[in-house]
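Enquirer: here is a sequence together with a model predicted from it:
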Amino acid sequence: MSCQRSKNFDVNFFGLLSMTKAVLPQMRKQKAGNIINLASISGTVTGPTQEIYSATKAEVIMLSEALAAEVEPFGIKGTAIAPGGVRTDFLDQTSLREPAKATSDYQVVRDTLAGLKRFNHNQSGAPKRVAEAIIKVAQMKRPPVRLYWGSGALKALQTKLNEVVTEVSAHLDLSQSTDFRD
């Protein structure tokens, strides 16, 4: 993981935040609007080599949820869309950056990158269908605040939810031990 400032944050989060701040005054004035932010399943379910990208997409989800609650009184809606893999050039070398120097200690990283290369252009999501679904969300009177799209994303989400419930349940005593006791 690189410690230098990530362009991922500049594009995926700060760019989105700047654009949102720019359009909100007009939306508040007209008492209407729909903010649709593109997150990713990776904002909820992550893995090796994805820490920076996943962090930016988790920020998009949290920003969208908090913002939706804030702007609802103004007639503004907000949705975070978290698709799974969409068959685009996203995993091509023009987008996906590999480490300049491979470290032999990190077999999991090499395995993950090899898996992403196999996944490239084999994703289940159809770009045209994603665009059509975004239009449907924009036309909804009461869109959901968070949406996961694609069978892969839904399966990964369900697995993650089950893992979280299992882990939290296994450590309930420790979790509750931090409360004040009278």
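Expert: Yep, that arrived.
Enquirer: please count neighbours and contacts with C-alpha atoms only from this point.
Expert: Noted.
Enquirer: what are the buried residues along the helix or strand containing Gln158?
Expert: In this assignment (DSSP states H and E), Gln158 forms part of helix 151-170. The neighbour-count check on helix 151-170 (16 or more other C-alpha atoms under 10 Å) flags 152-154, 156-157 as buried.
Enquirer: redo these as TSV? Include pLDDT and distance to Gly33.
Expert: Converted to TSV, those look like this (pLDDT from 0 to 100; distance: C-alpha to C-alpha, whole Å):
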residue	pLDDT	distance to Gly33
Gly152	86	30
Ala153	89	27
Leu154	92	28
Ala156	90	31
Leu157	96	29
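Enquirer: can you pull out the strands in the protein?
Expert: 33-38, 76-83, 146-149 (DSSP state E).
Enquirer: looking at these, which one is packed in the most?
Expert: Ranked by mean neighbour count, the strands of the chain are led by strand 76-83 with a mean of 24 (mean count of other C-alpha atoms under 10 Å).
Enquirer: got the CA coordinates for that strand in CSV?
Expert: Below are the C-alpha coordinates for strand 76-83, written out as CSV (Å, rounded to 0.1, in the frame of the first residue of the first chain):
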residue,chain,number,x,y,z
ILE,A,76,-34.0,16.0,-2.6
LYS,A,77,-33.4,12.3,-2.9
GLY,A,78,-30.0,10.5,-2.7
THR,A,79,-28.9,7.0,-3.8
ALA,A,80,-25.6,5.1,-3.7
ILE,A,81,-25.5,2.5,-6.4
ALA,A,82,-23.1,-0.3,-5.7
PRO,A,83,-22.7,-2.5,-8.8
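Enquirer: name the surrounding residues that touch that strand.
Expert: Contacts to strand 76-83, defined as C-alpha atoms under 8 Å, 6 or more residues apart in numbering, come from residues 27-28, 31-43, 60-61, 64-65, 67-68, 71, 125, 142-150, 153.
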